[in-house]
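# A predicted structure for the sequence below; I have some questions about it.
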Amino acid sequence: MRLTIVAFLALLTSAASQASGAVRQSSAHAARTLNGTDTAHLHLIHQQETVLSEEGPATGALPGHMRARLNIGAVYTGRCTIYTSGGTVTGRGTAIPHGAGRYQSFHGSLLITGGTGRYAHVHGHTQLYGTFDRRTFAVVIQTTGNLSY
Amino acid sequence: MRRSPLPLRTLLAASVCLAAVSLPPRALATPAVSLHAAFVPEILGHAATVHFRVQIAPTTELLPPPLTEASIRYPAGLAISLSGLGIEACSPQTLELSGPQGCPPDSLMGEGRAIAEFPVKHQVFRETAQIAILRGAEQEGHLAMLLYVYEETAVNAELILPTQLFPGSRPFGGRLQIQVPLVTTLPEAPDLAVAEIQLVLGPKDLVYYERVHGKQIRYKPAGIKLPGHCPRGGFPFTIELGFLGGTHSSASTAVSCPPHSRRRG
């Protein structure tokens, strides 16, 4: 079954943040604070019971390629990684679904748990919104917040 | 306990023509229950329609006591909520007003039938009703269904059984919890007894619709995907029934692994 996920990840708008001077030095490394919105389109790779493995391109503030593993239960849980040219950003999220029609909306939060390369020290916490298409399994995710790396 | 009148055709005829002498309420014995389950087709890793059949037989009494609830546990690996069945939801109000025809076509998840029994003059009468299984609105994140029981030839012979799907622990994947309202029969007679329930959950005979590039497209929903591996001993099912008066009965069964399937202990 084909699955498409459209993910809006409000992770980081590095250019905007840096231009506005949102870059701070720490004793360990040059920390940057990022905020903004990002979009990812994913499709189904594999389904194991209620666990969906998906991947697809991400565009916007943090362009790259996203892979996600979502558990579609009474509460949505999942883990996703965005692969960018500068490194990866990984997070895990939890969201509560609402609605009874074909499209279920959900909202929750995404905790950034780690990264590699430029984002080796990434951390943060964002809000998570979206919809899930029960017919095609397409998902729209919006996250908003900021993180540091 | 909510009671619903169900003036079935036979019940009406019997009450008029036979000058019925109703049996008094009786002490409740634990009835014997049998469960049968099947996948059609049974091909591991492919979508299927799931069939249940529950038969309830009295032990010492003429009839089993009235059924109040049923809990069906189904095997792990059956993701009913991601089966593509029940894309839309129907409300109990719509069902009561218009029946399944008033609900979105994409809310129909399956069908079935129920056989009810009631006593008239020490004789047991049986009546068969049809069941439409529809998706209802989620309740606290859990998939909900509405079992609409109806008899096409009778007036006011509709009954809605609220059903919820809860997660289960291994070796089960989930549990269907069905609430059964009591149904009155003749004056001073016991409530209606359920002798058999058959449920068919899956895409057989279902047609859904979706709009693609401005056109309405018909399609058949995928159905409940079977796991790629068959557990040792087959796919387990259990049912627990609760009866008026507090008695309970249960039964178990397993769907045998298909030939040459990969088994997992």
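That came through fine.
# How about the residue in the stretch 101-250 of chain B that chain A sits nearest to, nearest residue that isn't a chain neighbour?
With CB to the nearest CB as the measure, the residue in the stretch 101-250 of chain B that lies nearest chain A is B:Gly141; the distance is 3.3 Å. C-betas here are computed from N, CA, C, even on glycine. Excluding its sequence neighbours, the residue lying closest to B:Gly141 (CB to CB, 6 or more residues apart in numbering or on different chains) is A:Ala74, at 3.3 Å.
# Can you name the element that comes right after the helix or strand of chain B with the lowest mean pLDDT?
The helix or strand of chain B with the poorest confidence is helix B:9-17; it has a mean of 44 (mean pLDDT, DSSP states H and E). As assigned by DSSP states H and E, the chain's next helix or strand after helix B:9-17 is strand B:32-40.
# Can I get that next one in PDB, CA atoms only?
What follows is strand B:32-40 as a C-alpha-only set of coordinates in PDB (Å, rounded to 0.1, in the frame of the first residue of the first chain):
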ATOM      1  CA  ALA B  32     -22.200 -23.800  27.100                       C
ATOM      2  CA  VAL B  33     -20.500 -21.600  24.500                       C
ATOM      3  CA  SER B  34     -18.700 -22.600  21.400                       C
ATOM      4  CA  LEU B  35     -16.600 -20.400  19.100                       C
ATOM      5  CA  HIS B  36     -15.600 -20.800  15.500                       C
ATOM      6  CA  ALA B  37     -13.300 -18.400  13.600                       C
ATOM      7  CA  ALA B  38     -12.000 -18.400  10.100                       C
ATOM      8  CA  PHE B  39     -10.000 -16.300   7.700                       C
ATOM      9  CA  VAL B  40     -11.200 -16.000   4.100                       C
END
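# Averaged pLDDT, it. What do you get?
Averaged across strand B:32-40, pLDDT comes to 95.
# what about stretch B:126-133, near chain A?
No. With CB under 8 Å from any CB of the partner chain as the measure, stretch B:126-133 is seen stopping short of chain A, the closest distance being 15.6 Å.
# Give the rounded mean pLDDT of that stretch.
If you average the pLDDT over stretch B:126-133, you get 92.
# Also stretch B:51-69?
Per-region confidence: stretch B:51-69 scores 87 on mean pLDDT.
# Name the residues of that stretch that are buried.
For stretch B:51-69, the neighbour count (16 or more other CB atoms under 10 Å in any protein chain shown) marks B:51-56, B:58, B:61, B:63-68 as buried.
# First residue to last residue on it, what's the distance there?
19 Å (CA to CA, to the nearest Å).
# Do a quick rundown of the strands in chain A.
A:5-8, A:23-25, A:30-35, A:38-48, A:51-60, A:64-72, A:76-84, A:87-98, A:103-115, A:123-133, A:139-148 (DSSP state E).
# Between those, which one is closest to B:Val40.
strand A:38-48 (20.9 Å; CB to CB).
# next one: the closest one to chain centre, how far?
11 Å (CA atoms, centre = their mean, to the nearest Å).
# Tell me the strands beside that strand, with direction?
According to DSSP bridges, strand A:38-48 forms sheet pairs with strand A:5-8 (antiparallel), strand A:51-60 (antiparallel).
# Pull the distance from the last one to the chain's centre.
Yep, that's strand A:51-60 we're talking about. For strand A:51-60, the gap between its own C-alpha mean and the chain's C-alpha mean amounts to 9 Å (CA atoms, centre = their mean).
# so where's the chain shaky on pLDDT?
Going with chain A. Low-confidence segments of chain A (pLDDT under 70): A:1-30.
# I was thinking of chain B, sorry if that wasn't clear
Using pLDDT under 70, chain B drops low at B:1-29, B:60, B:152-157, B:260-265.
# for it, what spans make up the helices?
In chain B, the segments counted as helices under DSSP state H are B:9-17, B:92-98.
# related to what we said a few turns ago, quick one, what contacts the residue of the stretch 101-250 of chain B closest to chain A?
A:Gly73, A:Ala74, A:Val75, A:Ile96, A:Pro97 (CB atoms under 8 Å, 6 or more residues apart in numbering or on different chains).
# Noted, bye for now.
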